[in-house]
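Undergrad: here are the coordinates; sequence isn't available:
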C-alpha cells in the first residue's frame, strides 16, 4: 500500500494537470472583440445588400403587375371594338349606351382609380374598304388631369403603360 502523502501528491499532480487543460481549453475557445466586430460588419453588409435586392424585386413586381393590367385593359377595349358593327364603329363612342373614349378605371374595385384609358377610332383612308384605325393607350392615374390631346401627342412623356395600334375591318 502506498503511503498517504504519495497518493495525495499524485492526486494533486493529476488535479493540477486537469486544471491546466481546462485553462488551455478556455483560452483556445471564444472570439476576440475585433473578430466579433469584423464578423458583425460583414453580416451587416450582406443583410443590407439583400434588403436592397428585395426592395428592387418588389418594385419590379409592382411595375410588372401595373403593365400587365394596362395591357389587359387595352386588349379588352380592342376586343370590345371588334364586336361592334360598321355603324356602331362609325358612331363610337355612343354616349347613350355608356361608351367612352376617355375613361378612368378602377381595376380592383377598391374605390381608388388606377388607370386612364384613351381610345381613338378613325375611319381608314384606304379606298373601297370599311376599316378603322384604332389606337388604345392606358396611362397611370397620375395622368388623370392631363389634357387628352397632350397624352395622345406625347404618350412617352406621361409614361404610357400600354399602347396598342391596330386596324379593324368589316
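TA: Good, I have the coordinates. Quick caveat, the model's predicted, so the values are computed rather than measured.
Undergrad: how about stretch 91-99: buried residues?
TA: Of the residues in stretch 91-99, 92, 99 count as buried by neighbour count, 16 or more other C-beta atoms under 10 Å. (C-beta placed from N, C-alpha, C; glycine too.)
Undergrad: where does the protein dip in pLDDT?
TA: Regions of the chain meeting the criterion pLDDT under 70 cover residues 1-11, 13, 20-29, 127.
Undergrad: Mind giving me the packing neighbours of the host helix or strand of residue 152?
TA: Using DSSP states H and E, residue 152 falls within helix 148-153. With contacts taken as 3 or more C-beta pairs under 8 Å, 6 or more residues apart in numbering; DSSP states H and E, helix 148-153 sits against strand 115-123, strand 131-140.
Undergrad: now, of those strands, which is deepest in the fold?
TA: strand 131-140 (a mean of 20; mean count of other C-beta atoms under 10 Å).
Undergrad: now it and strand 115-123, what's the angle there?
TA: Counting by axes from the mean of the first three to the mean of the last three C-alpha atoms, to 10 degrees, strand 131-140 lies at 170 degrees to strand 115-123.
Undergrad: Need the contact partners of stretch 92-109.
TA: Contact partners of stretch 92-109, identified using C-beta atoms under 8 Å, 6 or more residues apart in numbering, comprise 69, 73, 81, 84, 88, 112-121, 141, 144, 148.
Undergrad: about what we covered before: can I get the helices and strands packed on helix 148-153 in a markdown table with distance to residue 168?
TA: What follows is the helices and strands packed on helix 148-153, written out as a markdown table (distance: least, C-beta to C-beta, whole Å):
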| stretch | distance to residue 168 |
| --- | --- |
| strand 115-123 | 8 |
| strand 131-140 | 5 |
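Undergrad: so where do the strands sit in the protein?
TA: Secondary structure of the chain (DSSP state E): strands located at 102-105, 115-123, 131-140, 162-169.
Undergrad: Which one, of those, ends up nearest to residue 16?
TA: Residue 16 lies closest, by C-beta to C-beta, to one member of the strands of the chain: strand 131-140, at 79.8 Å.
Undergrad: Strand partners (parallel or antiparallel) of that closest one?
TA: Next to strand 131-140 in the sheet, as set by DSSP bridges, lie strand 115-123 (antiparallel), strand 162-169 (antiparallel).
Undergrad: Sweet, I'm off.
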